[in-house]
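*Asks:* After the sequence you'll find the predicted model.
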Amino acid sequence: MNSQGHIVKKKIRSLKSLKLRKIRYELRTLFFLVYKRRKRELNIKLGEVRVDSSLSFDGRTERLKKLIKERENLDISFRQYSINCSLCGNRMEDLIQDPCSLFWFCRDCYDWR
Ligand SMILES: [Zn+2]
């Protein structure tokens, strides 16, 4: 049950076939790499804006806010998909979503939380 008193079901992404698990792993890895690359680009941009002397204080603040918001949205989007375990990073195993935090975990880490 969540804080509003609603019953919350945990989501499980489960596959039995080894062949499908391997395909899922490849797709998860692809999404993970796209996410990491975009995050790295945003961090580089943030660093550039912080030292950009051509920007006014307000201009810099505005650009930083926009980039930080974009990075937050990227993290929120990433968290919603079952790409890897939030604790150990495993992308091969079935993943379970914690109904409160919305983070995904492998079975071992889910039981450990
Ligand atoms: Zn794990």
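*Replies:* Good, I have the coordinates.
*Asks:* how far is stretch 19-36 from where the chain is centred?
*Replies:* Distance, stretch centre to chain centre, for stretch 19-36: 13 Å (Cα atoms, centre = their mean, to the nearest Å).
*Asks:* quick one: contacts of it?
*Replies:* 15, 74, 78, 81-84, 91-92 (Cβ atoms under 8 Å, 6 or more residues apart in numbering). Yep, even glycine has a C-beta here, placed from its N, CA and C like the rest.
*Asks:* That one - what's its average pLDDT?
*Replies:* Stretch 19-36 shows a mean pLDDT of 96.
*Asks:* ok so, going back, out of the contacts of stretch 19-36, which end up buried?
*Replies:* The neighbour count (16 or more other Cβ atoms under 10 Å) marks 78, 82-84, 91 as buried among the contacts of stretch 19-36.
*Asks:* which two in the residues you listed are spaced the farthest apart?
*Replies:* The largest separation in the buried ones among the contacts of stretch 19-36, counting by Cβ to Cβ, is between F78 and R91 at 12.7 Å.
*Asks:* Check which residues of the helix or strand containing G59 are buried.
*Replies:* In this structure, G59 sits in helix 57-80 according to DSSP states H and E. Within helix 57-80, the residues that qualify as buried are 60, 63, 67, 71, 78, counting by 16+ other Cβ under 10 Å.
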